[in-house]
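S.K.: Can you look at this prediction? I've put the sequence above it.
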Amino acid sequence: MKITVGGETKEVKDGITISELIEQEKVETPEYVSVSVNEEFEKKENFAARQLKDGDVVEFLYFMGGGQ
């Protein structure tokens with residue numbers, strides 16, 4: 001099936017979960033990543049169970065703190 005990850009169309013196995021996609025994409029510091037699927041944020045506790053569907057749009061987002 002095809003999904004879009006970070007603006008790039010990718011071929012992935014049917015029923016891939018968010019957790020599997022994070023591993024497959026070698027996401028740095030996965031413990032700090034937020035994931036949106038079709039512009040809706042997914043809760044971290046659902047990553048292992050949430051299966052992606054053909055045509056889904058996935059974004060990995062990192063929130064950085066900063067300041068002085």
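M.R.: Yes, it's here.
S.K.: tell me the phi and psi of Lys44?
M.R.: Dihedral angles of Lys44 (phi, psi; degrees, to the nearest 10) stand at phi -50, psi -40.
S.K.: Spit out the contact partners of it.
M.R.: Lys44 makes contact with no residue, according to C-beta atoms under 8 Å, 6 or more residues apart in numbering. The C-beta positions use only the backbone N, C-alpha and C, and glycine is treated the same way.
S.K.: how does it look with 10 Å?
M.R.: When contacts are counted by C-beta atoms under 10 Å, 6 or more residues apart in numbering, Lys44 touches Ile18, Ser19, Pro30, Glu31, Val33, Ser34, Val35.
S.K.: now, which of the residues you listed lie within helices?
M.R.: With helices taken from DSSP state H, the overlap with these comprises Ile18, Ser19.
S.K.: Which members of the contacts of Lys44 are positioned in strands?
M.R.: Among the contacts of Lys44, the residues falling in strands (DSSP state E) are Val33, Ser34, Val35.
S.K.: Buried ones in stretch 11-26, by neighbour count?
M.R.: Val12, Ile16, Ile18, Ser19, Glu20, Leu21, Ile22, Glu25 (16 or more other C-beta atoms under 10 Å).
S.K.: ditto for stretch 46-57
M.R.: Phe47, Arg50, Leu52, Asp56.
S.K.: what does that stretch contact?
M.R.: So stretch 46-57 is in contact with 1-7, 9, 12-22, 30, 33, 35-39, 42-43, 58, going by C-beta under 10 Å, 6+ apart.
S.K.: coming back round to it: quickly name whichever of the ones in strands among the contacts of Lys44 is closest to Tyr62.
M.R.: Checking these against Tyr62 with C-beta to C-beta, the nearest one is Val33 at 6.1 Å.
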